[in-house]
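K.L.:
need coordinates for the following:
(chains A and B)
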Amino acid sequence: MSQITCKDVSIAYEKENVISNVSFEIEKGDYVSIIGENGTGKSSLLKGILGLVPLKEGQIVFDEGCSRRNIGYLSQQNPMQKDFPASVYEVVISGCLKNKGFLPFYSKKEKELAINNLKKMGMEQLKNSCYADLSGGQKQRVLLARALCATDSIIVLDEPITGLDPVATNDMYKLVEKLNKEQKITIIMVTHDIDNAIKYSDKILHLHRNNKYYFGPKEDYLVHGGCTPDCCMDVKYGPADSECSDPSCKCHISFNGKELAKQTRNALKGNEGGMK
Amino acid sequence: MSIFEEIIGMFSYSFMIRAMIVGGLVALIASILGVVLVLKRYSMIGDGLSHVGFGAMAISLAFNEAPLVFAIPIVIVAAFLLLRVSENSKIKGDAAIGLISSSSLAIGMIINSLSNGTNIDLNSYMFGSILAIEKSEMILCIILGVIIIGVFIYFYNPIFAVTFDENFAKATGLKVEVYKTVLSVLTALTIVIGMRIMGTLLISSLIIFPALSAMRITKKFKSVMIISVIISLVCFFAGLIASYLIEIPTGASIVVSNLIMFIVMSIIGLFRGKM
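P.N.:
Okay, here's the model as predicted:
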């Protein structure tokens, strides 16, 4: 049984669907990257999984001793946090909140958990520093430590490398990989960084503009170049120089073949016009 | 008579004692809530609410109702609406606050003039009348103050989480809406009892100044809380004593002492930053 099963999920903002009928299953220990152009509903899908936005249709089922509340979330940086007076430790331990019940203060166990997770992220010596004064990479480490306080099974990351320099980016991927490999934590990451998504993840969910999507193991993804068998029109967002090399696939344009896509589109438009 | 003796003399008046108790309490809770409101960019909501409170007071005076009892529910409802409006609405939060506060001020003025004659009372709500607090009001203030402090300490950790990162808090299953509601109710209560002392026009300074001053010199959430409470109490008593000694309006005197504190803290923060 899968850890997370999404079944025909649709999410809408003001009646307009951003996600339509997406289904996939995530196993325990998977490393899934969600990619796609802006506006294809990546973040919305993530928020749907987290329960932050309501689903219009379909359902998301959790299993293997896991529930929605067992997810650690690494959100996009919030501009309000730029001058927020909070120490690293205060931020990290706030991840322990969900298990608290009605006790107003943190227990010793929770304090230890927070310190341990800071150690894991190599941030222990900075625990009394102000969060707002840290570098982008350090901030992400702190937020990762906080996510670890909230979960030991699934971490969901929303564009974690936005604004990081190459060194910090690399660093971030290594950390996430370590959590995935050593602690068997399921990783679900929304990203625009396709090359690294392919390098590190096991499975890819590629959302297209026309409500089509690709979900499957990375190896197959590379063969198809991110296209879905019945539609390639909007595929111009994928690993560099990838082409669909599967002869049985109906896909007939190269991945970077924008020109061809345009021609196809025009041809289709012509047909529609003719039909009227 | 030396200044010291004069200050001692202050305590011989029972209205002064009442002013100190109620004012100190309001200064304390306003500064605690202020940290959260300022960080959550809600500080202007306090300003808006105080105007709504003014309108409610005017109505209750016109109908000869007890002002506080009547104003509290109205301001709580307004707090609720303002927090909602500032999040998801076609009118932007700051503009919505502007609309609501000037409208309630206007309605308050009209009702007051129609019900003719109660000008003096209304004036005291504009600029506060800390020295005219009655015993029943003091008891109400103490009860509310204790409730607010208790609720805040109990919910301290979730309030931090919601203030720092609402989405994360929601994702871990915290009932963010509940905490925001608690926050808006506490803010409304603080504003209503604070209005009596500072007046409609000056109450938001009690909320905003101490938090900002504390943030100049410390960068931890808990220490910002503690320091802003200390700053707020010091400024309140300094302002009260100054107003007694040199016979200036109390509310204004408290605001100015907060302003001086803010400038001092900014300078200290500036020097610290350079070191």
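K.L.:
who's in contact with the helix or strand hosting residue B:78?
P.N.:
If you go by DSSP states H and E, residue B:78 is part of helix B:67-85. The contact list for helix B:67-85, computed with CB atoms under 8 Å, 6 or more residues apart in numbering or on different chains, reads B:42, B:45, B:48-49, B:52-53, B:55-57, B:59-61, B:63, B:91, B:93, B:96-97, B:100, B:104, B:125, B:137, B:140, B:180-181, B:183-185, B:187-189, B:191-193, B:195-196. For glycine as for every other residue, the C-beta is placed from the backbone atoms N, C-alpha and C.
K.L.:
at 6 Å what do you get?
P.N.:
By CB atoms under 6 Å, 6 or more residues apart in numbering or on different chains, the surrounding residues in contact with helix B:67-85 are B:45, B:48-49, B:52-53, B:56-57, B:60, B:96, B:180, B:184-185, B:187-188, B:192.
K.L.:
buried sites along stretch B:53-71?
P.N.:
B:53-62, B:67-68, B:70-71 (16 or more other CB atoms under 10 Å in any protein chain shown).
K.L.:
try stretch A:97-111
P.N.:
Buried, per 16+ other CB under 10 Å, within stretch A:97-111: A:97-99, A:106, A:110.
K.L.:
backbone dihedrals for the one residue in the stretch 101-250 of chain A that gets nearest to chain B, please?
P.N.:
Nearest to chain B in the stretch 101-250 of chain A, going by CB to the nearest CB, is residue A:130, at a distance of 3.6 Å. The phi/psi pair for residue A:130 (degrees, to the nearest 10) reads phi -80, psi 130.
K.L.:
follow-up on the earlier one: cross the buried residues of stretch B:53-71 against strands and list the overlap.
P.N.:
With strands taken from DSSP state E, there is no overlap with these.
K.L.:
which of those lies closest to residue B:147?
P.N.:
residue B:68 (14.3 Å; CB to CB).
K.L.:
look up how far residue B:196 lies from the closest one.
P.N.:
Distance of residue B:68 to residue B:196, computed by CB to CB, to the nearest Å: 7 Å.
K.L.:
and residue A:80, by the same measure?
P.N.:
Counting by CB to CB - residue A:80 and residue B:196 are separated by 32 Å.
K.L.:
compare those two (neighbour count), which wins?
P.N.:
The neighbour comparison of residue A:80 against residue B:196 (other CB atoms under 10 Å in any protein chain shown) goes to residue B:196, with 27 against 14.
K.L.:
okay, now the unreliable bits of the stretch 51-200 of chain B?
P.N.:
Scanning the stretch 51-200 of chain B for pLDDT under 70 picks out B:86-93, B:116-122.
K.L.:
over to the stretch 101-250 of chain A?
P.N.:
Short version for the stretch 101-250 of chain A, where the test is pLDDT under 70: A:101-102, A:223-250.
K.L.:
which residues of it lie near chain B?
P.N.:
A:104, A:130, A:150 (CB under 6 Å from any CB of the partner chain).
K.L.:
and after the helix holding residue B:78, which helix or strand comes next?
P.N.:
Criterion used, DSSP H and E; the element after helix B:67-85 is helix B:93-114.
K.L.:
just to revisit the earlier point, quick check, nearest of the buried residues of stretch B:53-71 to chain A?
P.N.:
Using CB to the nearest CB, those come closest to chain A at residue B:53, 27.2 Å.
K.L.:
can you give me the distance of that closest one to residue B:252?
P.N.:
For residue B:53, the distance to residue B:252 - CB to CB - is 19 Å.
K.L.:
cool, residue A:26 as well?
P.N.:
As for residue A:26, its distance to residue B:252 is 62 Å (criterion: CB to CB).
K.L.:
now do residue A:163
P.N.:
Where residue B:252 is concerned, residue A:163 sits at a distance of 45 Å (CB to CB).
K.L.:
looking at those two, which is more packed in?
P.N.:
More crowded of residue A:163 and residue B:252, by other CB under 10 Å: residue B:252, with 18 against 14.
K.L.:
how many neighbours does the nearest residue to that one once chain neighbours are set aside have?
P.N.:
Of all residues not flanking residue B:252 in the chain, residue B:202 sits nearest, at 6.9 Å (CB to CB, 6 or more residues apart in numbering or on different chains). Counted with other CB under 10 Å, residues neighbouring residue B:202 total 22.
K.L.:
so residue B:202 makes contact with residue B:255?
P.N.:
Yes. Counting by CB atoms under 6 Å, residue B:202 touches residue B:255, with 5.4 Å between them.
K.L.:
hey, C-alpha coordinates of the strand or helix carrying residue B:48 in PDB?
P.N.:
Here residue B:48, judged by DSSP H and E, is contained in helix B:43-62. Taking C-alpha atoms only, helix B:43-62 is exported to PDB below (Å, rounded to 0.1, in the frame of the first residue of the first chain):
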ATOM      1  CA  SER B  43      -0.800  47.200  13.900                       C
ATOM      2  CA  MET B  44      -3.100  49.600  12.000                       C
ATOM      3  CA  ILE B  45      -6.000  47.300  13.000                       C
ATOM      4  CA  GLY B  46      -5.600  48.600  16.500                       C
ATOM      5  CA  ASP B  47      -6.000  52.100  15.200                       C
ATOM      6  CA  GLY B  48      -9.100  51.200  13.300                       C
ATOM      7  CA  LEU B  49     -10.600  49.400  16.200                       C
ATOM      8  CA  SER B  50     -10.200  52.300  18.500                       C
ATOM      9  CA  HIS B  51     -12.200  54.400  16.100                       C
ATOM     10  CA  VAL B  52     -14.900  51.800  16.000                       C
ATOM     11  CA  GLY B  53     -14.800  51.800  19.800                       C
ATOM     12  CA  PHE B  54     -15.400  55.500  19.700                       C
ATOM     13  CA  GLY B  55     -18.500  55.100  17.600                       C
ATOM     14  CA  ALA B  56     -19.800  52.400  19.900                       C
ATOM     15  CA  MET B  57     -19.200  54.700  22.900                       C
ATOM     16  CA  ALA B  58     -21.100  57.500  21.300                       C
ATOM     17  CA  ILE B  59     -24.100  55.300  20.600                       C
ATOM     18  CA  SER B  60     -24.000  53.900  24.200                       C
ATOM     19  CA  LEU B  61     -23.800  57.300  25.700                       C
ATOM     20  CA  ALA B  62     -26.700  58.500  23.500                       C
END
